[in-house]
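Visitor: Below are the sequence and a predicted model for it; my questions follow.
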Amino acid sequence: MAAIPHPNPNPNLLSPMLQPSLEQQPLDEETATENVKESPVSSIDNSIVSNPNTNPVLIDRSTTALLHVSFNQDYSCFAAGTDRGFRIYNCDPFGEMFRREIEGNGGVGAVEMLFRCNIFALVGGGDSPQYPLNKVMIWDDNPNRCIGELSFGSEVRGVRLRRDRIVVVLEQKIFVYNFADLKVLHKIETTANPKGLCAVSHVAGSFVLVCPGLQKGQVRVEHYASKRTKFIMAHGSRIASFTLSQNGNLLATASTKGTLVRIFNTHDGTLLQEVRRGADRAEIYSLAFSPTAHWLAVSSDKGTIHVFSLKVNAENLGNARSSSPSDSNSAVTSPISSLSFIKGVLPKYFSSEWSMAQFRLIEGSHYIVAFGHQKNTVIILGLDGSFYRCKFDPATGGEMTQLEYHNFLKPDEAF
């Protein structure tokens, strides 16, 4: 299904005139119609500020359960959903910005930030959800309340925000809404998607959305500016994880096997590079491009964070990448097996590109990874409450150096 025509993305849609609906009735899954009631809301600020009239109740740290953790769009902040509400943290320097214990002490299973502004998308979670699992609540932290909601006929699996769009992921459907009035712009059918996999670009004027296709191992790419749809058979196994570069030109994918990561051109579906995480099966938890797309980071249940050197230029696909002033001129390439000279005789494993830098954590724990704002650094978040900042050497690679550690559920535990 090709993208339906709609107005070109407008980065100025988020203005003081924003009027999302206070309540939206469950969508008819065949027609995706909606019943909108308007409600005036406060404007969206450009920076996160806590409500000066609110005195958040301190949470008993010993009983707080972490349900969710995720980065914002530029990796400058991260959000944590707990069994009592949610918290927002700054990455550099590390620190808790504020926390919200929502009335009723229910769990928040997903928190989606919108860069560093006061608008969040919340979904209930845990043993005692704060909100029904089939609803997305739009939270405005200025009045410190929900100012809109979207209701569905099944559980919400994920939410993604842009300055002009809200994307809601269900088990087998994805809905794209206009942020200004909560009108449905597009409905997409997908294969079973229990993890809520979906990625969107964040460059103004270029809206790219990636989601699972209708076949095993297939991804669907929507280029809304050019009204084009591209299907890519990325893997022979089911898709486990994927991510987009910030401009939407590059797509990295991993399957449920978890051994290989593939990088594609989203415009024509060309396979640009293939890198190997390892030989054993693994569950890939997260993939992340660096802002310049010169590096790719991978986390999995094996407990090792990998950083790969990429050979493509996200701004000029198809050409060999040139040095960038924001990255080292002496960057090492991903190691290739010394037996690659007999490629085609031995299995493909022996000619694989391996990671150039690694950081080892506890195997079996759940970590997500992103690139820090400090040069050549990665940030690692764990569902055990751990925050790591590590540095890699782009010239020599090898083991990364740990710069910082915090337990963000218990900030006093740091070294």
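Guide: That came through fine.
Visitor: Chain neighbours aside, what residue packs nearest to Arg238?
Guide: Nearest residue to Arg238 in three dimensions, chain neighbours excluded: Thr256, at 4.8 Å (CB to CB, 6 or more residues apart in numbering). The C-beta positions use only the backbone N, C-alpha and C, and glycine is treated the same way.
Visitor: Quick check, the one you found in contact with Ala240.
Guide: Yes. Thr256 is within contact range of Ala240, at 4.8 Å (criterion: CB atoms under 8 Å).
Visitor: who's more crowded, these two?
Guide: Set Thr256 next to Ala240 and count neighbours by other CB atoms under 10 Å: Ala240 wins out with 20 against 16.
Visitor: Which SSE is immediately downstream of the helix or strand hosting that one?
Guide: Here Ala240 sits within strand 239-244, counting by DSSP states H and E. Once strand 239-244 ends, the next helix or strand along the chain (criterion: DSSP H and E) is strand 250-255.
Visitor: okay, the next helix-or-strand element following that following strand in PDB with CA atoms only?
Guide: Toward the C-terminal end, the helix or strand that comes next after strand 250-255 (DSSP H and E) is strand 260-265. What follows is strand 260-265, C-alpha atoms only, in PDB (Å, rounded to 0.1, in the frame of the first residue of the first chain):
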ATOM      1  CA  LEU A 260      24.600 -10.300  11.000                       C
ATOM      2  CA  VAL A 261      23.600  -6.600  10.700                       C
ATOM      3  CA  ARG A 262      22.800  -5.200   7.300                       C
ATOM      4  CA  ILE A 263      22.900  -1.600   6.200                       C
ATOM      5  CA  PHE A 264      20.600  -0.600   3.300                       C
ATOM      6  CA  ASN A 265      20.000   2.500   1.200                       C
END
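Visitor: and the angle from strand 260-265 to strand 239-244?
Guide: 40 degrees (axes from the mean of the first three to the mean of the last three CA atoms, to 10 degrees).
Visitor: Give me the residue ranges of the stretch 101-250 of the chain where confidence is low.
Guide: Scanning the stretch 101-250 of the chain for pLDDT under 70 picks out the ranges 104.
Visitor: Once you drop chain neighbours, what's closest to Ile138?
Guide: Leaving aside its sequence neighbours, Ile138 sits nearest to Gly148 (CB to CB, 6+ apart; 3.9 Å).
Visitor: So the one you found versus Arg160, what's the distance?
Guide: Look at Gly148 and Arg160: by CB to CB, to the nearest Å, they are 16 Å apart.
Visitor: now do Phe308
Guide: 24 Å.
Visitor: Neighbour count: the two, which is higher?
Guide: More crowded of Phe308 and Arg160, by other CB under 10 Å: Phe308, with 26 against 21.
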